[in-house]
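1. Have a look; sequence and predicted model below, questions after that.
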Amino acid sequence: MTRAPMLAAACLAIPLAALAQPAWAQDSDPAPIVEIMRTFAGPGTHRPSGAKGACYAGRFEPAAAARGLSKAVIFTKPSDAVIRFSVGGGNPAVADGARGVNRGLSFRIDADGPGQTEFVMVNAPINFVATPAQMLGFLEARKPAANGQPDPARVRAFSEANPETLLQARFLASQPIPGSWVGVNYWAVHAYTLTNAAGARQVIKFRMDPLDGPVNLTDDEARAKPRDYLAADLGTRLASGRPAGFRMVAILGRAGDPTDNPTKMWDSEEARPTVELGTLTVRSVADAKVCDEVIFAPTLLADGIDGPENDPMFAIRTPAYAISISKRAN
Ligand code: HEM
């Protein structure tokens, strides 16, 4: 099957505008990357990344300061949100307390409205690869050898030649295991540009800060937890009325900050000033279908929010997700 019909099929599930890519990025074909991801996840694969997850209904309420940075409709009025939390990797039965995988937060705000905006974030400030070619190389280096396991020498050689591909794993290894899907920070990892009503532009990164503070587990505590404690925790929070959600903040960029490479944090990024953009709250459990029928498309952004034009990873994400949904087993 050629790439064109595959994308055409996927267009049934997402708006065409979300598939627009700059001409130079069209050389980056996500199809072989998604294919390897699907092979790694095994037969019957549904999502080859963030396979385990749960879907919720929520609400986004803008903060007053957001309008100063962006004219986007979502920053002018409260909107409904669809939220999916996930545990990284292609194994839908992975233990929630596993080390070595990220936790994901995907959400769409004002679906089908004029402010339609979607984010697919992880609990790390950086991605594990800088370019599609590097992602393909990362995955190919981990293909099982004759014994069914990745060849450690091959993995080591790739890592030595591509040291930035170790940074995300190193960050995650330095952090406690999240005890709650709403007890950890998530980042959109790319550099975005916000434009306000006066036309002023500001480069930023999006970060979600847990409303109820961090909820951390030691490795021993995580091992003692039931396999599916994250959905149970959120259910208990929703039933008890404890805060379940995030403050969305913009980390302010400065002239010269790289915008083309999601493996790079900005200089002293953690200490940068931030502007509060709004609050995303989880309100109730939603049918899985609500999150499964349409992909979360990171390039679908309201007027007033732009993704990076020079980041090849950003450009291929929506097409990759579109291919993935078109190949789902169920
Ligand atoms: C650059 C930063 C990236 C981040 C932060 C990220 C994060 C995520 C998350 C959180 C999910 C779960 C989505 C959900 O809840 O529905 C996901 C799914 C997925 N990701 Fe990514 N991803 C990134 C880049 C990429 C790239 C470059 C590719 C491939 C070229 C890719 C391939 C996939 C696939 C195939 C899925 C499953 C999509 C589906 O079937 O719905 N990701 N990603």
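-> On my side now, so go ahead.
2. Can you show me the strands along the stretch 51-200 of the chain?
-> 52-62, 79-87, 103-109, 117-122, 177-178, 186-187, 192-195 (DSSP state E, counting those that start in this stretch).
3. Which of these sits closest to Gln168?
-> Nearest to Gln168, of all those, is strand 117-122, at 8.1 Å by Cβ to Cβ. C-beta coordinates here come from the backbone N, C-alpha and C atoms, glycine included.
4. Wait, Asp80 touches Gly115, no?
-> No. Counting by Cβ atoms under 8 Å, Gly115 is not a contact partner of Asp80; they are 10.5 Å apart.
5. list residues touching both of these two?
-> Common neighbours of Asp80 and Gly115, using Cβ atoms under 8 Å, 6 or more residues apart in numbering, are Ile109.
6. interface residues of the protein facing the ligand?
-> Proximity of the chain to the ligand (Cβ under 6 Å from any ligand atom) is limited to residues 30, 33-34, 37, 47-50, 53, 84, 86, 104, 106, 120, 122, 127, 135, 189, 262, 295-296, 313, 316-317, 320-321, 324-325.
7. of Asp80 and Gly115, who's got more company?
-> Remark: of Asp80 and Gly115, Gly115 carries more neighbours, 21 against 15, as counted by other Cβ atoms under 10 Å.
8. quick one, what contacts the residue lying closest to the more buried one once chain neighbours are set aside?
-> Excluding its sequence neighbours, the residue lying closest to Gly115 (Cβ to Cβ, 6 or more residues apart in numbering) is Val73, at 3.2 Å. If you count contacts by Cβ under 8 Å, 6+ apart, Val73 has them with 79, 110, 113-115, 302-304.
9. Got a ChimeraX select line for the buried ones in those residues?
-> Command for ChimeraX that selects the buried part of those, burial taken from 16 or more other Cβ atoms under 10 Å:
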select :79,110,115,302,304
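10. Quick check: of the contacts of Val73, which lies closest to Ala224?
-> Nearest to Ala224 among the contacts of Val73, with distances taken as Cβ to Cβ, is Ser79, at 39.0 Å.
11. these two touch, right, the closest one and Ala57?
-> No. With contact defined as Cβ under 8 Å, Ser79 does not count as touching Ala57 (11.9 Å).
12. Give me the distance between Asp112 and Glu140.
-> Using Cβ to Cβ, to the nearest Å, Asp112 is found at 39 Å from Glu140.
13. thinking Arg283 is in contact with Arg59, fair?
-> Yes. Taking contacts as Cβ under 8 Å, Arg283 lies within contact range of Arg59: 5.9 Å.
14. nearest residue to Glu164 other than its sequence neighbours?
-> Thr263 (4.3 Å).
15. okay, now the one you found: neighbour count?
-> Neighbours around Thr263, by other Cβ under 10 Å: 21.
16. which residues does it contact?
-> Counting by Cβ under 8 Å, 6+ apart, Thr263 touches 126-130, 164-165, 167-168.
17. Look up which residues are beta-bridged to the residue of the stretch 51-200 of the chain found nearest the ligand.
-> Nearest residue of the stretch 51-200 of the chain to the ligand: Gly104, at 2.6 Å (Cβ to the nearest ligand atom). Judged by DSSP bridges, the bridge partners of Gly104 are Ser86, Val122.
18. Identify the residues contacting it.
-> The contact partners of Gly104, by Cβ under 8 Å, 6+ apart, come to 50, 53, 84-88, 120-123, 186.
19. Not counting its neighbours along the chain, what's nearest Asn127?
-> Distance criterion Cβ to Cβ, 6+ apart; nearest residue to Asn127, sequence neighbours excluded, is Pro262 at 3.9 Å.
20. Tell me if the one you found really is in a strand.
-> No. Counting by DSSP: H, G, I helix; E, B strand; the rest coil, one finds Pro262 to be coil, located in no strand.
21. How many residues are close by it?
-> Around Pro262 there are 27 other residues, counting by other Cβ under 10 Å.
22. which helices and strands does the host helix or strand of Ala239 pack with?
-> Ala239 is part of helix 229-240 when elements are defined by DSSP states H and E. Counting contacts by 3 or more Cβ pairs under 8 Å, 6 or more residues apart in numbering; DSSP states H and E, helix 229-240 packs against strand 52-62, strand 79-87, strand 274-285.
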